[in-house]
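Trainee: Need coordinates for the below:
(one chain, ligands or ions: 1)
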Amino acid sequence: MIKKYTFGNPIETNATVIDISETKGTLEFFERDNNTFILRLAENDIVYGLGQQVRGLNKRGWKYASNNLDNPNHEEDTLSLYGTHNFIIISGDSLFGAFFDYAGIITFDIGYTHRNLLTVTPDDDNLDVYIITGENETDIVRQFRNLTGRSYAAPKWAFGYGQSRWGYKNADDVRAVAESYRNNNIPIDSIYLDIDYMERYKDFTVDNDAFPDFSGLTAEMKKQGIRLVPIIDAGVKIEDGYDVYEEGVKQNYFCKDADGNDFVAAVWPGRVHFPDVLNSDARKWFGEKYDFLIKQGIEGFWNDMNEPAIFYTEKRLESSIEKINELAKTNMGINEYFELKDAVNSLANNPDDYKLFYHNIDGKKVRHDKVHNLFGFNMTRAASEAFDKICPNKRILMFSRSSCAGMHRYGGMWQGDNKSWWSHLLMNIQMTCNLNMVGFLYTGADMGGFGCDTTEDLMLRWLQFSLFTPLMRNHSALGTREQEVYRFDNMESCRKMIEIRYALIPYLYSEYMKAVLNDDMMFRPLGFEFHDKFSRNTEDQLLLGNEIMLAPVYTQNAEGRYVWLPEEMMFVRMRSLNDYETEILPSGHHYISAKLDELVFFIRRNKAIPLCSAARCTDEIDMSTLHLFGYENSSYELYDDDGISKNISRENISTII
Ligand code: GLC
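Mentor: Numbers count the residues shown, from 1 in each chain. Reported below is the predicted structural model:
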């Protein structure tokens with residue numbers, strides 16, 4: 001059951017899709033003190049939720065701020081990342097979900113200030129709070145998802161392996177990557193184009209010197225079963241003669257400053273304007289621009305820098321430079337030195353700069369900070385609504401860096417600029433589950449790590465987890481060690497892991513689409529299904545669908561790991577599709593060995609999963625090779641369709657035995 005409580009006069013966020021009439025009277029479960037909602041936690045209460053945040057499945061013991069931020073530091077003390085997902089579930093003495101539907105900045109102190117107190121503080125008093133009660137955690141999630149709408153369905157090819165790197169500079173770089181994958185017989189479906197494909201980082205342009213025949217390249221790659229996926233950034237370069245800039249200015253489609261001038265910030269191209277994607281006309285206009293690339297054969301995009309990220313604003317740059325010049329004249333000691341550092345560090349993504357520009361929402365001027373968390377959502381919505389018009393019955397791949405609850409209807413998300421750290425592999429495991437709770441089923445992290453230099457063992461272990469996530473993309477930052485899997489001594493093991501991924505695609509796609517259709521999670525915490533104390537406390541094992549339990553190895557030099565089995569399961573240790581062992585293990589605590597080149601996972605009792613033969617790319621998957629792998633005499637409910645049209649329905653489910 002869902003109850004809605006309205007406070008003040010909330011700004012429409014478009015997070016929800018069904019109207020629930022307001023419950024009058026006092027809010028259940030929480031007390032209030034001014035703006036703050038207060039909940040006393042029992043000692044054994046678990047607090048799940050918040051989607052994209054650092055730390056584990058149980059969010060207790062830290063404070064989090066929903067304040068979308070271009071933040072490459074995903075550390076234990078991080079307060080905000082790129083997305084806002086204000087949904088939590090309290091599971092313990094009581095069981096309920098709470099969704100704080102709010103467009104501005106809101107903080108969650110979950111036992112940080114006082115261990116047994118949860119406090120939620122929005123910036124002002126205008127919001128809707130939904131309280132959801134249900135039979136169990138899964139039921140509560142389902143109701144929340146029903147409230148916020150059906151998740152985005154990605155095309156099947158987006159379940160293939162993707163190679164990306166910030167640094168592929170021209171068509172020959174792209175060709176070299178494709179060739180290396182194909183020559184080494186490593187399956188691949190997509191190569192991502194980072195900012196260098198554009199002319200001077202201008203959205204919806206192609207650098208014709210670096211990519212002389214862009215549509216030709218797209219077609220040439222497609223012939224090899226490889227799709228190119230370009231990045232789109234939020235900021236539109238200010239440059240005379242650039243059509244997107246000129247149209248935006250002419251039609252008043254950019255965000256304005258207090259004086260009504262187009263607001264100027266700086267990102268990759270230097271000075272930019274932000275498209276006012278909260279204005280429906282501007283949103284439509286910006287979305288239609290994607291057609292420039294669709295016309296050239298592009299079938300997927302990733303939206304970036306849409307918190308929106310700001311390197312600097314004119315005013316702040318001026319005052320910082322003034323400050324630095326002043327300081328330089330002094331004998332800089334402790335205080336002056338830190339002031340100097342501050343003058344530089346406070347240039348980017350400064351909260352005060354988000355108060356300097358305005359949106360035109362249905363004719364109303366709204367200051368950006370009041371709706372800050374909705375920007376990435378609406379940029380992605382712009383694209384998705386345009387795709388519906390440009391190609392009404394074709395699924396286009398779309399995922400975004402910034403997001404907000406409700407954006408899951410329009411696209412997926414990747415998990416941002418992580419690092420090549422083992423701890424970030426664990427974070428990826430936990431975040432995947434947390435994002436599923438709020439509807440982001442199409443997700444994955446930069447495999448191998450984005451920042452820092454990766455190592456070949458980290459890459460392989462990361463592959464072993466990522467081969468289960470819908471988005472499986474190897475991406476890394478400019479200047480870091482190159483990490484295409486063919487560069488490592490253990491390429492052969494990487495190839496075998498990617499082949500296992502391709503054999504699993506019918507299963508993964510099926511689980512994904514069933515989760516889309518049923519408002520379910522594809523990945524769930526063990527505690528959602530088993531209520532014993534070990535399952536409730538397990539932070540590093542996940543259930544995938546109803547058939548698999550994952551227990552990835554995420555520590556360096558480990559030759560195995562401890563696993564808790566809440567019930568009997570089939571343990572699978574796989575070196576390749578034809579080289580594996582299985583063993584039935586009873587419920588209890590186990591140590592499982594898993595050498596570096598061994599993928600380990602579990603099949604649940606009396607369950608089986610469909611596997612097909614490996615393929616070079618998803619288009620070449622041969623469904624006639626499908627067979628069940630797991631417990632004997634079990635069956636599986638398979639969802640399958642053409643993978644590209646929008647005819648998504650339960651009729652595509654059949655039982656295989
Ligand atoms: C941002 C993105 C990253 C991309 C880089 C350059 O940091 O998060 O994925 O590679 O920008 O475009």
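
Trainee: how about the nearest residue to Ile20, chain neighbours excluded?
Mentor: Closest residue to Ile20 apart from its sequence neighbours, by Cβ to Cβ, 6 or more residues apart in numbering: Lys4 at 4.4 Å. (Each C-beta comes from the backbone N, C-alpha and C, glycine too.)

Trainee: what do you get for Arg227?
Mentor: Leaving aside its chain neighbours, Arg227 sits nearest to Ser190 (4.7 Å; criterion: Cβ to Cβ, 6+ apart).

Trainee: picking up where we left off before, how close does the residue nearest to Ile20 get to Leu27?
Mentor: From Lys4 across to Leu27, the span is 10 Å (Cβ to Cβ, to the nearest Å).

Trainee: Which neighbours do these two have in common?
Mentor: In terms of Cβ atoms under 8 Å, 6 or more residues apart in numbering, Lys4 and Leu27 are both contacted by the residues Val129.

Trainee: Does the residue nearest to Ile20 touch Tyr130 like I think?
Mentor: Yes - with contact defined as Cβ atoms under 8 Å, Lys4 reaches Tyr130; the gap is 5.3 Å.

Trainee: Show me whatever sits in contact with both of these two.
Mentor: Shared contacts of Lys4 and Tyr130 (Cβ under 8 Å, 6+ apart): Ile20.

Trainee: related to what we said a few turns ago, quick one: secondary structure of the residue nearest to Ile20?
Mentor: strand (DSSP: H, G, I helix; E, B strand; the rest coil).

Trainee: thinking again about what came up before, need the pLDDT of the residue nearest to Arg227.
Mentor: Note on Ser190: pLDDT of 98.

Trainee: ok, back up a step: state the pLDDT value of the residue nearest to Ile20.
Mentor: On the pLDDT scale, Lys4 is placed at 98.

Trainee: element containing Ala515, please.
Mentor: Assigned by DSSP states H and E, Ala515 belongs to helix 491-518.

Trainee: which strands and helices sit next to that helix?
Mentor: Counting contacts by 3 or more Cβ pairs under 8 Å, 6 or more residues apart in numbering; DSSP states H and E, helix 491-518 packs against strand 161-163, helix 456-466, strand 569-576, strand 608-611, strand 636-639.

Trainee: Could you identify which of those is most buried?
Mentor: Most buried of those, by mean neighbour count (mean count of other Cβ atoms under 10 Å): strand 161-163, with a mean of 25.

Trainee: hmm, that strand touching the ligand?
Mentor: No - using Cβ under 6 Å from any ligand atom, strand 161-163 stays clear of the ligand, with a minimum separation of 12.4 Å.

Trainee: what's the answer for stretch 295-303, then?
Mentor: No - using Cβ under 6 Å from any ligand atom, stretch 295-303 never reaches the ligand; the gap is at least 7.7 Å.

Trainee: tell me which residues of that stretch are tucked away?
Mentor: Buried residues in stretch 295-303, counted by 16 or more other Cβ atoms under 10 Å: 296-303.

Trainee: Can you tell me what sits against it?
Mentor: Counting by Cβ under 8 Å, 6+ apart, 155, 157-158, 190, 192, 206, 214-215, 218-219, 222, 227-234, 290, 293, 376, 379-380, 383, 394, 396-402, 411, 414 sit against stretch 295-303.

Trainee: change it to 7 Å
Mentor: With contacts defined as Cβ atoms under 7 Å, 6 or more residues apart in numbering, stretch 295-303 is touched by 158, 190, 192, 214-215, 218-219, 222, 227-232, 290, 379-380, 383, 396-401, 414.

Trainee: Equivalent analysis for stretch 579-588, please.
Mentor: The contact list for stretch 579-588, computed with Cβ under 7 Å, 6+ apart, reads 565-574.

Trainee: if we go to 10 Å?
Mentor: Residues from elsewhere that reach stretch 579-588 (Cβ atoms under 10 Å, 6 or more residues apart in numbering): 496, 500, 530, 532, 534, 563-575, 592, 597-599, 602-603, 605, 629-631.

Trainee: Kindly identify which of the residues you listed also come near the ligand.
Mentor: The overlap between those and the neighbours of the ligand (Cβ under 6 Å from any ligand atom) is empty.

Trainee: Pull out the buried residues from the residues you listed.
Mentor: Buried by 16+ other Cβ under 10 Å: 496, 500, 530, 563-566, 569-575, 592, 597-599, 602-603, 629-631, out of the contacts of stretch 579-588.

Trainee: mind listing what Met472 touches?
Mentor: Residues in contact with Met472 (Cβ under 10 Å, 6+ apart) are 158-162, 189-190, 444-445, 447, 463, 465-466, 498, 501, 505, 508.

Trainee: Is Tyr181 in contact with Met221, as I believe?
Mentor: No - with contact defined as Cβ atoms under 10 Å, Tyr181 does not count as touching Met221 (11.1 Å).

Trainee: How about the backbone phi and psi for whichever residue of the stretch 351-500 of the chain sits closest to the ligand?
Mentor: Closest approach of the stretch 351-500 of the chain to the ligand (Cβ to the nearest ligand atom) occurs at Asp417, with a separation of 4.7 Å. The phi and psi values for Asp417, taken as degrees, to the nearest 10, are phi -80, psi 80.

Trainee: Might you report the residue contacts of it?
Mentor: Going by Cβ under 10 Å, 6+ apart, Asp417 touches 70-74, 81-82, 166, 304, 401, 445-446, 449-451, 475, 477.

Trainee: what do you get for Lys514?
Mentor: For Lys514, the contact set (Cβ under 10 Å, 6+ apart) comprises 520, 522, 545-546, 637-639, 650, 652-653.

Trainee: Can you say which of those residues are buried?
Mentor: Among the contacts of Lys514, those classed as buried by 16+ other Cβ under 10 Å are 520, 522, 545, 638-639, 652.

Trainee: related to what we said a few turns ago, now do the buried residues in the helix holding Ala515.
Mentor: For helix 491-518, by 16+ other Cβ under 10 Å, it's 491, 493-517.

Trainee: Which one's more surrounded, Tyr181 and Met221?
Mentor: Legend: neighbour count by other Cβ atoms under 10 Å for Tyr181 and Met221, higher for Tyr181 (25 against 20).

Trainee: So the more buried one: helix, strand or coil?
Mentor: Applying three-state DSSP: Tyr181 is helix.

Trainee: give me the number of residues near the residue lying closest to it once chain neighbours are set aside?
Mentor: In this structure, Tyr181 finds its nearest non-sequential neighbour in Ile188, 4.3 Å apart by Cβ to Cβ, 6+ apart. Residues near Ile188, counting by other Cβ under 10 Å, number 26.
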